[in-house]
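Trainee: Kindly generate the corresponding structure for this input.
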Amino acid sequence: QVQLVESGGGLVQAGGSLRLYCAASGLAFSTWNMGWFRQAPGKEREFVATISRDGTSTYYAGSVKGRFTISRDNAKNTVYLQMNSLKPEDTAVYYCAAGSVDSATRNDYTYWGQGTQVTVSS
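Mentor: Numbering: from 1, shown residues only. Okay, here's the model as predicted:
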C-alpha cells in the first residue's frame, strides 16, 4: 500500500520559513518523480514544484520561484520543500504527490498525500 505522509506545516509570520517533509512508503521511491501542490480555501489545487527521480532537475511555479526549494533524499524515501520569505498568499494545504512523468499537471500524478496546513499571518 502506497503512503505519502506530509509533515512540517504550521503557523508562521510573513517573512518566516518552514520546511515541509513528505515520507513515502510502499513504492520504489527513486523511480518516481515527486511534486508539491497546494490548495487554498475556495481555490483549485495548484502546482508548486517538482523534482526528477534522481533530484538533478527541478521546476517551480512562478509564484514561488526563488523562495521555495524542493529536494529529495532517495535513501530516506523523503521529499522536502523548504519555504522561505513566506507570504500570506502562501497560506494553503500543501500536498506531495508521486508521478511517472516530470510534470506540473495535477492529473499526471498517481499518488497523493493527505496534506499539511501552512498558515502565514501578516
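Trainee: ok, now which ones touch Val12?
Mentor: 18, 86, 118-121 (CB atoms under 8 Å, 6 or more residues apart in numbering). C-beta: built from backbone N, CA, C; applies to glycine.
Trainee: hmm, who's touching stretch 13-24?
Mentor: 2-10, 12, 32, 34, 36, 76-88, 94, 96, 98, 113, 116, 118, 120-122.
Trainee: Ok, stretch 114-122 next?
Mentor: Residues from elsewhere that reach stretch 114-122 (CB under 8 Å, 6+ apart): 5-14, 16, 18, 20, 38-39, 83, 86-95.
Trainee: Leaving out the residues flanking it, which one is nearest to the residue nearest the centre of the chain?
Mentor: The structure's the chain has its C-alpha centroid closest to Trp36; by CA atoms, centre = their mean the separation is 2.5 Å. With sequence-adjacent residues excluded and distances taken as CB to CB, 6 or more residues apart in numbering, Trp36 is closest to Val48, at 4.2 Å.
Trainee: Count residues in the vicinity of the one you found, would you?
Mentor: Val48 has 24 neighbouring residues, counting by other CB atoms under 10 Å.
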